[in-house]
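In: sharing a model prediction with you, sequence too.
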Amino acid sequence: MDRDAHDLGLIPIPPMLDYQLDTIAIRWMENTMIEMLKRLWKILLGHRRSSWFDVFLVIFILLNNLEYVYEAQLQYIQEHGAEVSKSYNKPLDPYHP
């Protein structure tokens, strides 16, 4: 028994239940994403000057979230011993001194 394990003393979720919960969460996120993009597209096609800030804010949040998720995935891959090509790191290099 590994005394330094992060899940010491906990009962792990069965793999099938974990898969089912992941599938439910992913479907919910996909449906939410589709609905949000439909609303954003409708606003963009409206060509109203008053909605510029809403569009900017949504796009900013989406891009910020994308960078956060990308960074988390990159760290996960590197922690588990996979090699990451340098070309994948190029887009984030200017933002990380």
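Out: Cool, the structure landed.
In: gap between Tyr19 and Glu79?
Out: Between Tyr19 and Glu79 the computed distance is 22 Å (CB to CB, to the nearest Å). (Each C-beta comes from the backbone N, C-alpha and C, glycine too.)
In: the more surrounded of those two?
Out: More neighbours surround Tyr19 than the other of Tyr19 and Glu79, with 11 against 8 (other CB atoms under 10 Å).
In: any idea of the mean pLDDT for the helix or strand that the more buried one is a member of?
Out: Using DSSP states H and E, the element containing Tyr19 is helix 15-46. Helix 15-46 carries an average pLDDT of 92.
In: the next helix-or-strand element following that helix packs against which elements?
Out: Moving toward the C-terminus from helix 15-46, the next helix or strand (DSSP H and E) is helix 52-79. Packing contacts for helix 52-79, counted by 3 or more CB pairs under 8 Å, 6 or more residues apart in numbering; DSSP states H and E, involve helix 15-46.
In: could I get the buried residue list for the helix it packs on?
Out: By 16 or more other CB atoms under 10 Å, the buried positions in helix 15-46 come out as Leu40.
In: please begin residue numbering at 3 from this point
Out: All right, first residue 3 from here; so that's helix 17-48.
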